[in-house]
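Novice: Whatever this is, show me its structure:
(one chain, ligands or ions: 1)
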Amino acid sequence: MISAVLKLPQNQKEFSLIKKIVKADISAIDKDKFWRTPKNAASFDYVEIGKTSDSNYSKEIISFFDKDGNLFCRTFRENGKNVKQRQYRYQDDKRFLTDFVFDTTRIKEKVNDAMYNLGGVWKKIAEETQWISRIQEWAKDGKVPTDFHTRHVDYHPETGLIDTITLTQYPINCEKSRLPKRFVKGEFKHILGTPTLAKATYSKNLRLDPNDKYLRYRFFDLHTPEGITVLTKGLLEEKGLDVLKISVQPNSLKIEEGNLGFFCALSKEICFSEKLTQKDAFLPDIIDSVAHEVEHAEQFAYIGRRGKGTSQYEFDAYKNLGELRTEEEKQEALKYFMAKTEYVPTGDKYKNNYLEVKAREAGKKAAEDFQFPIENYNFFERFN
Ligand SMILES: [Zn+2]
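Specialist: Reported below is the predicted structural model:
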């Protein structure tokens, strides 16, 4: 599968142009067909190529352009399957391929219930994502080291909840030396609803720190709505706020221009911008945003627990979590309450508002902490 993806057609005459669309508005795109249509695409080109000797063969290339007409992404399809997405970036008027080329094939094993219990033995429901990363700098030296990655998720056959996630990195095509694969397998439990890591096993050639407090989240692709939800709910659980049933909305349409997220006590929700699920979003920025909003959720719970609440969320916090215990917590809650009465949504007053100052601190600290242990960060980052 890897070589088939990378091999280029030997004889160009064998191929013929079937269809071509140039600079069409992005609204005209077939969204079901083109997986991962980039959010900031304004227009696209489309080319379909056939093979004279094989009527079943098809190759489709779609090029995405931003509002300024710059090519920034291409998706390649072969025989009706999305096989590769390539991203471009610009610097000093020059165009570069981004560091990574994604060659992704999704293999989904869908099992229907009737077929499922064959012979009285439950089979597994699994999903595997496979992709290849090529590092451009190495390629320039004439070497083409390529990593083949898989994320394999096993679901519990009866509950449909995640059982295990195995991330494997297969180093391939390294000219002389063939390095052994590296993997980590996480076994998950669902105690409070979000997957909790029960056990992690990993290959000897991987020096992971098993005590990393973010380990349970690193198994997920945090650039996805699912990943952001797991992270947010997990951090809420860690603060004991899961009882307040806050709804988490990734890719929310309620986000205003320039914002990445918000917590709202009235609607009991945390919403995030679709910017966080873009492939090029920087991981620590995602952590920062999530930890920031979770901090706001805790601040309002404090206000409620100090008896100063005005929303159902704050009343619920008092009811479910009780009064604050220490004098320090009570003082902090009063500061939050004062800041809440003075809250304005923009400007310097917003920036210096105590609620924002403390949430920014929490976000920044989480983002910094997330980048350590460095071995953990580096390994899992490849799978995001
Ligand atoms: Zn904020």
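
Novice: Now the stretch 101-250 of the chain against the ion: closest residue?
Specialist: For the stretch 101-250 of the chain, the residue closest to the ion is residue 232, as judged by Cβ to the ion, at 14.2 Å. (C-beta placed from N, C-alpha, C; glycine too.)

Novice: Where does that residue sit: helix, strand or coil?
Specialist: Secondary structure assignment for residue 232 (DSSP: H, G, I helix; E, B strand; the rest coil): helix.

Novice: Please tell me I have it right and it contacts residue 248.
Specialist: Yes - applying Cβ atoms under 8 Å, one finds residue 232 in contact with residue 248, separated by 4.6 Å.

Novice: between the two, what contacts are shared?
Specialist: 270, 272 (Cβ atoms under 8 Å, 6 or more residues apart in numbering).

Novice: Need the distance between the two termini of stretch 68-87.
Specialist: This stretch, stretch 68-87, spans 16 Å end to end (Cα to Cα, to the nearest Å).

Novice: can you check stretch 369-384 too?
Specialist: End-to-end distance for stretch 369-384, by Cα to Cα: 17 Å.

Novice: How about stretch 316-335?
Specialist: Start and end residues of stretch 316-335 are separated by 20 Å (Cα to Cα).

Novice: Average pLDDT for it, rounded please.
Specialist: Averaged over stretch 316-335, pLDDT sits at 97.

Novice: Tell me which residues of that stretch come out buried.
Specialist: 316-318, 321, 324, 332-333 (16 or more other Cβ atoms under 10 Å).

Novice: Check stretch 307-318 too.
Specialist: Going by 16+ other Cβ under 10 Å, stretch 307-318 has these buried residues: 308-309, 311, 313-314, 316-318.

Novice: List of residues touching that stretch?
Specialist: By Cβ under 8 Å, 6+ apart, stretch 307-318 touches 243-244, 246, 265-266, 268, 300-305, 323, 333-334, 337.

Novice: So residue 232 and residue 248 - more neighbours on which side?
Specialist: residue 232 (25 against 21; other Cβ atoms under 10 Å).

Novice: Give the full set of residues in contact with the more buried one.
Specialist: Taking Cβ under 8 Å, 6+ apart as the criterion, residue 232 is in contact with 248, 270, 272, 290, 293-294.

Novice: cool, residue 301 as well?
Specialist: Taking Cβ under 8 Å, 6+ apart, we find residue 301 in contact with 241, 244, 313-314, 317, 321.

Novice: Check what pLDDT the residue nearest to residue 227 when sequence neighbours are not counted gets.
Specialist: Leaving aside its chain neighbours, residue 227 sits nearest to residue 220 (4.0 Å; criterion: Cβ to Cβ, 6 or more residues apart in numbering). On pLDDT, residue 220 comes in at 95.

Novice: What of residue 312?
Specialist: We note a pLDDT of 97 for residue 312 in this prediction.

Novice: Considering the contacts of residue 232, which is situated nearest to the ion?
Specialist: residue 293 (6.9 Å).

Novice: and the closest residue to residue 60 other than its chain neighbours, how far is that from residue 71?
Specialist: Distances taken as Cβ to Cβ, 6+ apart place residue 77 nearest to residue 60, at 4.1 Å, with adjacent residues excluded. From residue 77 across to residue 71, the span is 17 Å (Cβ to Cβ, to the nearest Å).

Novice: Give me the more crowded residue out of those two.
Specialist: Shown here are residue 77 and residue 71; by other Cβ under 10 Å, residue 77 has more neighbours (18 against 15).

Novice: Helix or strand for that one, just tell me which one.
Specialist: Under the criterion of DSSP states H and E, residue 77 resides in strand 71-78.

Novice: Go through that strand and flag the buried ones.
Specialist: 72-78.

Novice: Let's have these in CSV, adding pLDDT.
Specialist: As requested, those are exported to CSV (pLDDT from 0 to 100):
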residue, pLDDT
72, 84
73, 84
74, 84
75, 80
76, 76
77, 75
78, 72
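
Novice: Can you get me a residue count around residue 237?
Specialist: 17.

Novice: Residue 330: what's its closest spatial neighbour, skipping adjacent residues?
Specialist: residue 324 (5.0 Å).

Novice: Same question for residue 65.
Specialist: Using Cβ to Cβ, 6+ apart, the closest residue to residue 65 is residue 43 (4.8 Å).

Novice: ok now do the one you found, which residues does it touch?
Specialist: Contacts of residue 43 (Cβ under 8 Å, 6+ apart): 23-26, 64-65, 69.

Novice: tell me which element the one residue in the chain that gets nearest to the ion falls in.
Specialist: Nearest to the ion, among the residues of the chain, is residue 359, at 4.4 Å (Cβ to the ion). Secondary structure assignment for residue 359, by DSSP H and E: helix 354-370.

Novice: try residue 228
Specialist: Element membership for residue 228, per DSSP H and E: helix 225-238.

Novice: rewinding a little: which residues does the residue of the chain closest to the ion contact?
Specialist: Contact partners of residue 359, counting by Cβ under 8 Å, 6+ apart, are 292-293, 295-296, 299.

Novice: Please produce TSV containing these, extended by neighbour count.
Specialist: Converted to TSV, these look like this (neighbours: other Cβ atoms under 10 Å):
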residue	neighbour count
292	24
293	27
295	22
296	21
299	25
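
Novice: Brilliant, that's me finished.
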